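Engineer: Predicted model and sequence below, questions to follow.
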Amino acid sequence: MSTRSTSASKIVLSLGILVAILASASLAAAEPVVLSIDKNLVYIDLGSDDGVGAGSELELVREVIATDPVSKAVLRDKFALGTLTVVKAGQHVCQAEPSGDLAGRVKIGDEIRIASTMRRFVDPWAMRVAESKAVRRAPEPVITGPGADRAAAARAVEEALAVRVVWEASLGKSPGDRAASWRSFLLARPQSPYTASIRTEIASLSAQAETLERAAAAASTPTPVLDRRRALAQALAELRRDPSEGPLWVGAPSRVAHGQPVVMTFAVRESRPGAIWLYVRGPDGDFRRVPLAPDGDAYLRATIPAELVRGERVDWFVEIGENAGGLGSREAPQSITVDRDVVEPPPAANRTTIATSIDYVDFDGSLSKGFDQYYQAEADFTYRFLKPVHAVRLGFGTLSGKGGPKDVIDEDTSNQCRDQNGSYECRAVDYTYVYTEVELQPRRQIAIMLRPQAGLLTTNRDASAGSPGRCRDSQDLDNCEFITGFGFRGRVRFGDERGTNLEIGLGITEQVGTLFEAAYHWAPKPEVPVKLAVQVTDLPVTTDFGVRLVTDVGWRGMAWVYPSLRLSYQARDIDHAGISGGLGLNFDW
């Protein structure tokens, strides 16, 4: 290569380095601002290129300008009024949603700064497109020939000199004029090899121009000269949406816990002569002075002692000097509500009971050979809510037996329950049921218990049936009848549930029978609960009524469990009677 070609190449390289340095030496980008507001969405000139994406946290910043009353220096400070959360972000603009405390307070032109960590975002589609282009791009033609190097060097020198001319001409001009010069250059030379760097320079200069325009507009707006302390207090009041006026702004809770110290903060809006004192009413009704400690040059803090936080409220006022005003007064103090202590009562003992029982009842004294017997078993779970419903019981039971007209049973010498015409008059029943009982206590010594129940009732009228459960256990269903049996039982208790009391009740079950009961409970000794009951019933079938005398004696050897033994005598008349018994097992905790 010739010496002239080598020199030209050095010139081109030097000019290229110069242009690159000029393109990267722009001023720092302007602070991002609010571009527009659409209902609850805010558009901001920040995007993925700035490290912002969906979920990023931004802060809305307001500037406070005040003049120091002593030095007359203009003081500027910025406060973050709240946060915004980015919903969507493009390359240069994002869409954000303000927090609740910023509702209605965001304005176009407000300054924004990034609060969360900046992230790097990559468009996967753009990467794939770029990769595909990189793979498929055809190699550029190589210009060959004796004058190729000389021509290329000449064009590079020409482009570099053109860039240098524009750059030198724009020195000393405003950012807006410099951006206009570069735009004109690109219109004239759209194929310049420096196009990308020049566009970056134009974007930076445009941002600088907008920032200067906003600053000039703000500087030209007449702003009242404010004391810095007043400006800070006003900003705090605006954040708390406090419309009050006066020499002090107070940050105090509206409600406090009983017996807990209360921290209070005061911001000084304007200076007034005299000392500042906080007074708090004590338990004796007199106001006591609480020290106010300075915190910086604009704040005062005080702590109301816990012993003064009593009663329904804490009365307080602030006094500044003599007749210089303050907050409240001795005659009309301000107040803080004191919440009463919420003390949970200890859990009541014996709120849960599981009761199980089984009874065998023989009315004709013939045991399994007779026709007037039944057994009944029940198990239920009780929980005592105490208020408003005293207790709820959930249980299930079964009743199985035989019954019929007592005259037919007693007069049939063949002991087959047949009348004079030879007709079989007895029937066997098998009733399995569930129930829910609700206990209410309108008075301390009065309880009302209501128990609906429902179950499957099977009736067998076959004289040859040996067991009441034949219809349930056999495939031979002749003379069997299946229905849904509904029932209801109601009781009223007078007296203490776990002491001496009297219960009166009535129970009715469809096609099974009716039960009237009066039961007396007492404990001759704490560990020996006793129940005496009188029942009038026609169970297990709706025929003749009889009377049962029941005695139930339990043993509370342990606090949480006690068994019981039950004996009974029952009769439908003097010749139709029997003795029976049962067992019970109860668990309390």
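Structural biologist: Good, I have the coordinates.

Engineer: drop to CA atoms for contacts and neighbour counts, all remaining ones
Structural biologist: OK.

Engineer: how does this protein divide into domains?
Structural biologist: Domain ranges of the chain: 1-133+148-225, 228-339, 352-588, per automatic domain parsing.

Engineer: tell me the mean pLDDT over the last one?
Structural biologist: Read that as domain 352-588. Regarding domain 352-588, the rounded mean pLDDT is 92.

Engineer: Could you measure from the spatially most central residue of the chain over to Ile198?
Structural biologist: Nearest to the mean C-alpha position of the chain, by C-alpha atoms, centre = their mean, lies Gly100 at 18.1 Å. The spacing between Gly100 and Ile198, counted by C-alpha to C-alpha, to the nearest Å, is 43 Å.

Engineer: cool, Ile65 as well?
Structural biologist: Distance of Ile65 to Ile198, computed by C-alpha to C-alpha: 37 Å.

Engineer: Would you mind telling me which of these two has the busier surroundings?
Structural biologist: Neighbours per residue (other C-alpha atoms under 10 Å) separate Ile65 from Ile198, with Ile198 holding more: 23 against 17.

Engineer: Quickly note the distance from the more buried one to Gln191.
Structural biologist: Per C-alpha to C-alpha, Ile198 is found 12 Å from Gln191.

Engineer: Could you report the pLDDT at the residue nearest to the centre of the chain?
Structural biologist: At Gly100, pLDDT is 84.

Engineer: Ala138 too?
Structural biologist: In this model, Ala138 is scored at 45, pLDDT.

Engineer: cool, and Gly16?
Structural biologist: If you check Gly16, the pLDDT there is 47.

Engineer: rewinding a little: right, and the domains of the chain - which one's nearest Pro346?
Structural biologist: Closest approach to Pro346 among those is made by domain 352-588 (13.2 Å; C-alpha to C-alpha).

Engineer: for the stretch 151-300 of the chain, what spans make up the strands?
Structural biologist: 248-251, 255-257, 262-268, 276-281, 287-290, 293-295, 299-304 (DSSP state E, counting those that start in this stretch).

Engineer: Out of these, point me to the one whose mean pLDDT is lowest.
Structural biologist: Set side by side, these give their lowest mean pLDDT on strand 248-251, at a mean of 75.

Engineer: thinking again about what came up before, would you turn the domains of the chain into a markdown table with distance to Pro345?
Structural biologist: Formatted as a markdown table, these follow (distance: least, C-alpha to C-alpha, whole Å):
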| stretch | distance to Pro345 |
| --- | --- |
| domain 1-133+148-225 | 39 |
| domain 228-339 | 18 |
| domain 352-588 | 13 |
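
Engineer: So for Asn415, which of the strands of the stretch 151-300 of the chain sits nearest?
Structural biologist: Closest of the strands of the stretch 151-300 of the chain to Asn415 is strand 255-257, at 81.4 Å (criterion: C-alpha to C-alpha).

Engineer: what are the pairing partners of the closest one, and which direction each?
Structural biologist: Neighbouring strands of strand 255-257 in its sheet, by DSSP bridges, are strand 334-339 (parallel).

Engineer: Could you dump the strands of the stretch 151-300 of the chain into JSON lines with mean neighbour count and distance to Ser366 added?
Structural biologist: Below are the strands of the stretch 151-300 of the chain laid out as JSON lines (neighbours: other C-alpha atoms under 10 Å; distance: least, C-alpha to C-alpha, whole Å):
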{"stretch": "strand 248-251", "mean neighbour count": "20", "distance to Ser366": "89"}
{"stretch": "strand 255-257", "mean neighbour count": "16", "distance to Ser366": "74"}
{"stretch": "strand 262-268", "mean neighbour count": "19", "distance to Ser366": "83"}
{"stretch": "strand 276-281", "mean neighbour count": "20", "distance to Ser366": "87"}
{"stretch": "strand 287-290", "mean neighbour count": "15", "distance to Ser366": "90"}
{"stretch": "strand 293-295", "mean neighbour count": "13", "distance to Ser366": "97"}
{"stretch": "strand 299-304", "mean neighbour count": "18", "distance to Ser366": "86"}
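
Engineer: Now do the strands in the stretch 1-150 of the chain.
Structural biologist: 34-38, 41-44, 57-67, 74-89, 94-98, 111-114.

Engineer: Same question for the stretch 451-589 of the chain.
Structural biologist: Ranges of strands within the stretch 451-589 of the chain are 480-495, 501-509, 513-525, 528-537, 546-554, 561-573, 576-588, based on DSSP E, counting those that start in this stretch.

Engineer: tell me which strands and helices the longest one is in contact with?
Structural biologist: Packing contacts for strand 480-495, counted by 3 or more C-alpha pairs under 8 Å, 6 or more residues apart in numbering; DSSP states H and E, involve strand 446-460, strand 501-509.

Engineer: Can I get that strand in CSV, CA atoms only?
Structural biologist: Written as CSV, here are the backbone C-alpha positions of strand 480-495 (Å, rounded to 0.1, in the frame of the first residue of the first chain):
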residue,chain,number,x,y,z
CYS,A,480,-92.2,-56.3,56.0
GLU,A,481,-92.8,-52.5,55.9
PHE,A,482,-90.1,-49.9,55.5
ILE,A,483,-90.8,-46.2,56.1
THR,A,484,-88.8,-43.1,57.1
GLY,A,485,-89.7,-42.5,60.8
PHE,A,486,-89.7,-39.0,62.1
GLY,A,487,-89.7,-38.0,65.8
PHE,A,488,-89.4,-35.2,68.2
ARG,A,489,-88.4,-34.8,71.8
GLY,A,490,-88.6,-31.7,74.0
ARG,A,491,-87.4,-31.3,77.6
VAL,A,492,-87.3,-28.5,80.1
ARG,A,493,-84.8,-28.5,83.0
PHE,A,494,-85.1,-26.5,86.2
GLY,A,495,-82.0,-26.1,88.3
